[in-house]
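K.L.:
Pasting the sequence and the predicted model now:
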Amino acid sequence: MSGKISTGIGYLDHILGFLKTGDNVIWEVEAGTYIEIFLQRFIEHNLKSGYKLVYVSFNASPSTLSKRLAHLSHLESLTILDCFTSGKGNNDPLFAQFYEKEKEKFKGNVIKVENPKDHSQFRVALDRIEVEKGSGVRYIFDSLTGMQDIWGDENVTYKFFTYSCPRLYDLQTVAYWVLEKEAHTSSFKANLRHITQVAIELEKENGELFLKANKIEGRFSKVAFLPKHYEAWGDEIIFPSIGGRRPSSLGEKIKALRKKIGMTQKELAEQVGLTPSFISQLEKNLISPSLDSLLKLSEKLNTQPVYFLMENESEPLQKIVIKPNERQNVQLPSVKATKVKLELLVSDTLNRRMEPYLLTIKEGEVIDGHFYNHKGDEFAYVIEGELEVEIHDEKHLLSQGDSFYIESRFPSRWVNKGKGNAVILWVLSPPRAGL
């Protein structure tokens, strides 16, 4: 059983090595860690990719969910299994009126479980959906804690989980399971981790948010098990630094910046005229560099030398001016490097409000789809060449000096129509998560 499946958040895919068909993913969350954004990115990505998705809701009313998800495309592939209205909602008219006043307006499907407090009735309803939808469906169980609240027994919740996980695995699904960390015993959480394929923890520490993986079955990634600082910006998850908790020592800063740009110790050593052993010892704070070495390191790591010398500065000082030979080449995930060249026009996107690129599309190339799955505004200006851009089945011919601005609609096709390469200034705002 194989196949890379996205969480809808690029950097999370990177540290997890993507999700795999059959994965059950436990999310252990603290209050205020924005799990709803992680869920929404997963929903949005999978609906856009043509998958059916079942959202099993114990914690949110169908009215709340329908409003939260109304802007998404392909809602006809979404089914909400409503265990809230007759569960925690106790059939209150305020919640029940959704079926009279709002259900018809919602483009997704909503199925109400009449008595979710009876766990056997709930299981029958879920089994029916699993049979009807078949294999390859995505599932979100928004609250194992909510299940336990209405069933009143941790053992019943655990038995349901042990029954469902292997079943969903055999159906080649991917399922998210959310639980509140402080609401369950340590043994309950440990038992769930033993059964599931992936376990992720969201926590708060001194007011800051951190994500770390507690289990990734069948994948090896040391970096995934280190806490990663993240921020919630609107309805996006942003990882300000890929080095985990903010580095403080000289060695930690060098290591964090090196990893951020995807450079090995050997590659960095070659570029600054040092040995890999020297870089390794430097990152472990076993030795100190000369001033000349520090200047070379700051140049190759796209920061200013003073950043390494400031004791209380945890984040790199960004370069104001980037020369052409200092640009970072970026590989687009779904486009061959022979078709396009993408160069980042700033040292990095940390704490920036924009993500600017110089995009070169080679002569005669045709690119289906958009370059990135980015939720936000985008601006493009044609520096040279001639392009045909297709947006919602409408073709636009762009020549040198033309520009366009897009919000919720993204190009589905790019064609270089001119002689020679087409060169575009391309700006994203806000930056994509994980850069």
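P.N.:
Received the coordinates, thanks. Numbers count the residues shown, from 1 in each chain.

K.L.:
Please make it C-alpha for all contacts and neighbour counts, starting now.
P.N.:
Fine.

K.L.:
Helix or strand next in line after the helix or strand of the chain with the lowest mean pLDDT, which one?
P.N.:
Each helix and strand of the chain was given a mean pLDDT (mean pLDDT, DSSP states H and E); the minimum falls on helix 305-309 at a mean of 68. Elements were assigned by DSSP states H and E; along the chain past helix 305-309, the next helix or strand is strand 328-330.

K.L.:
tell me which residues of that following strand are tucked away?
P.N.:
Using 16 or more other CA atoms under 10 Å as the burial criterion, the residues of strand 328-330 that qualify are Gln328.

K.L.:
So what touches it?
P.N.:
Strand 328-330 is contacted by residues Lys341, Leu342, Glu343, Leu344, Leu345, Ser347 when judged by CA atoms under 8 Å, 6 or more residues apart in numbering.

K.L.:
cool, stretch 39-51 as well?
P.N.:
Taking CA under 8 Å, 6+ apart as the criterion, the residues outside stretch 39-51 that touch it are 6-9, 52-53, 69, 72-75, 77-78, 136-138, 140.

K.L.:
among the residues you listed, which ones are buried?
P.N.:
Neighbour counting over the contacts of stretch 39-51 (16+ other CA under 10 Å) leaves 6-9, 52-53, 69, 74-75, 77-78, 136-138, 140 as the buried ones.

K.L.:
re earlier: which of the contacts of stretch 39-51 fall in helices?
P.N.:
Judged by DSSP state H, the contacts of stretch 39-51 include Leu69 as members of helices.

K.L.:
what bits of the stretch 201-350 of the chain have low per-residue confidence?
P.N.:
For the stretch 201-350 of the chain, applying pLDDT under 70 flags the ranges 220-223, 234, 241-248, 260, 306, 309-319, 331-335, 337, 347-350.

K.L.:
Please enumerate the strands of it.
P.N.:
Assigned strands in the stretch 201-350 of the chain, in chain order: 208-216, 228-233, 236-238, 328-330, 340-344 (criterion: DSSP state E, counting those that start in this stretch).

K.L.:
Out of the ones you listed, which one sits most buried?
P.N.:
strand 236-238 (a mean of 22; mean count of other CA atoms under 10 Å).

K.L.:
Partner strands of that one, with direction?
P.N.:
Take DSSP bridges as the rule and strand 236-238 pairs in its sheet with strand 228-233 (antiparallel).

K.L.:
Just the endpoints, please. Distance across stretch 410-418?
P.N.:
The straight-line separation of the ends of stretch 410-418 (CA to CA, to the nearest Å) is 22 Å.

K.L.:
and what of stretch 20-33?
P.N.:
Stretch 20-33 has an end-to-end distance of 24 Å (criterion: CA to CA).

K.L.:
for this protein, longest helix please?
P.N.:
Under DSSP H, the helix in the chain containing the largest number of residues is helix 154-170.

K.L.:
Against which helices or strands is that one packed?
P.N.:
On a contact count with 3 or more CA pairs under 8 Å, 6 or more residues apart in numbering; DSSP states H and E, helix 154-170 meets strand 24-29, helix 144-151, helix 186-195.

K.L.:
most tightly surrounded among those?
P.N.:
The highest average neighbour count among the helices and strands packed on helix 154-170, using mean count of other CA under 10 Å, belongs to strand 24-29 at a mean of 23.

K.L.:
and that one, which strands flank it?
P.N.:
Paired with strand 24-29 in the same sheet, following DSSP bridges, are strand 174-180 (parallel), strand 198-205 (parallel).

K.L.:
Point out the most buried one among the ones you listed.
P.N.:
Ranked by average neighbour count under the criterion mean count of other CA under 10 Å, the strands paired with strand 24-29 are headed by strand 174-180 at a mean of 21.

K.L.:
send the alpha carbons of that strand over as CSV?
P.N.:
Coordinates of the C-alpha atoms in strand 174-180 are reproduced here as CSV (Å, rounded to 0.1, in the frame of the first residue of the first chain):
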residue,chain,number,x,y,z
VAL,A,174,-6.7,8.5,5.3
ALA,A,175,-8.3,9.5,8.6
TYR,A,176,-7.7,12.3,11.1
TRP,A,177,-8.7,11.7,14.7
VAL,A,178,-8.6,14.7,17.1
LEU,A,179,-8.4,14.5,20.9
GLU,A,180,-7.9,17.0,23.7
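
K.L.:
what separates stretch 280-294 from the chain centre, distance-wise?
P.N.:
Distance, stretch centre to chain centre, for stretch 280-294: 34 Å (CA atoms, centre = their mean, to the nearest Å).

K.L.:
Tell me the bridge partners for Val427.
P.N.:
In this entry, Val427 is beta-bridged to Pro356, Phe379, by DSSP bridges.

K.L.:
Asn91 touches Gln97, doesn't it?
P.N.:
No. Using CA atoms under 8 Å, Asn91 and Gln97 do not qualify as a contacting pair, with a distance of 9.5 Å.

K.L.:
Export the strands paired with strand 24-29 as a markdown table, with columns for distance to Gln271.
P.N.:
Converted to a markdown table, the strands paired with strand 24-29 look like this (distance: least, CA to CA, whole Å):
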| stretch | distance to Gln271 |
| --- | --- |
| strand 174-180 | 43 |
| strand 198-205 | 37 |
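
K.L.:
To Leu65, which of those lies closest?
P.N.:
Evaluated with CA to CA, those place strand 174-180 nearest to Leu65, the distance being 15.9 Å.

K.L.:
Not counting that closest one itself, show me its contacts.
P.N.:
Surrounding strand 174-180, the residues in contact under the criterion CA under 8 Å, 6+ apart are 19-31, 136-145, 168.

K.L.:
quick one: buried residues of stretch 276-289?
P.N.:
Pro276, Phe278, Ile279, Ser280, Leu282, Glu283.

K.L.:
Buried ones in stretch 31-39, by neighbour count?
P.N.:
Applying a neighbour-count criterion of 16+ other CA under 10 Å, the buried positions in stretch 31-39 are Thr33, Tyr34, Ile35, Ile37, Phe38, Leu39.

K.L.:
Are we agreed that the first one is in a strand?
P.N.:
No. With DSSP: H, G, I helix; E, B strand; the rest coil as the criterion, Thr33 is located in coil rather than a strand.

K.L.:
so what's it up against?
P.N.:
Residues counted as contacts of Thr33 (CA under 8 Å, 6+ apart) are Leu202, Glu203, Lys204, Leu209.

K.L.:
what are the bridge partners for the last one, then?
P.N.:
With DSSP bridges as the criterion, the beta-bridge partners of Leu209 are Lys204, Tyr230.

K.L.:
Could you double-check that it lies in contact with Leu202?
P.N.:
Yes. With contacts counted by CA under 8 Å, Leu209 reaches Leu202, the gap being 7.3 Å.

K.L.:
Name the nearest of the contacts of strand 328-330 relative to Val124.
P.N.:
Closest approach to Val124 among those (CA to CA): Leu342, at 51.2 Å.
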